[in-house]
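Novice: Fold the stuff below for me.
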Amino acid sequence: MYIRVKRNKTTYFIQCDPTETTLNIKQKLHSLIDQPPSNQRLILLSTNDVLDDSKTLANQKVENDAIVALTLRKELLVAPAPNSPMVSLHKPGD
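Specialist: Coordinates of the predicted model:
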């Protein structure tokens, strides 16, 4: 079987098996989009369900030619830039 994974205006056709897990699909996408599986979220558009990494496609009712939306988490930088002063934020009244 295959599924269609859509992100923005791009569609990826992924060959897969119903016994594969969502994590397996994310690993296949990783080679195409250079985003680690931990940054990917797959949503089955027919139900709007977020697919669980540990469950198989069959268990989540993903069928042949299903359309799945791909969203990505944004990575946040938490370390300050070198030689920058530390800033402390306070709410009014603190």
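
Novice: got the phi/psi numbers for the residue minimising distance to the centre of the chain?
Specialist: With distances taken as CA atoms, centre = their mean, residue 40 lies nearest the centre of the chain, 1.6 Å away. Note on residue 40: its backbone torsions stand at phi -100, psi 140 [degrees, to the nearest 10].

Novice: so how far is residue 5 from it?
Specialist: From residue 40 across to residue 5, the span is 9 Å (CB to CB, to the nearest Å). Any C-beta I mention is one placed from the backbone N, CA and C, and that applies to glycine too.

Novice: Give the residues shared as contacts by those two.
Specialist: Common neighbours of residue 40 and residue 5 (criterion: CB atoms under 8 Å, 6 or more residues apart in numbering): 29, 70.

Novice: wait, what's in contact with the residue nearest to the centre of the chain?
Specialist: Contacts of residue 40 (CB under 8 Å, 6+ apart): 26, 29, 30, 70, 71, 72, 73.

Novice: Report pLDDT for it.
Specialist: Per-residue confidence (pLDDT) for residue 40: 96.

Novice: swap in the one 3 residues further on?
Specialist: If you check residue 43, the pLDDT there is 97.

Novice: Helix or strand for it, just tell me which one.
Specialist: strand 40-44 (DSSP states H and E).

Novice: which residues does residue 52 contact?
Specialist: 22, 60.

Novice: Secondary structure class of it, three-state.
Specialist: Three-state assignment for residue 52 (DSSP: H, G, I helix; E, B strand; the rest coil): coil.

Novice: Can you give me the distance of it to residue 3?
Specialist: As defined by CB to CB, residue 52 lies at a distance of 15 Å from residue 3.

Novice: all strands for this structure, in order.
Specialist: 2-7, 10-15, 40-44, 49-50, 66-72 (DSSP state E).

Novice: quick one: buried residues of stretch 3-19?
Specialist: Buried residues in stretch 3-19, counting neighbours by 16 or more other CB atoms under 10 Å, are found at 3, 5, 7, 12, 14, 16.
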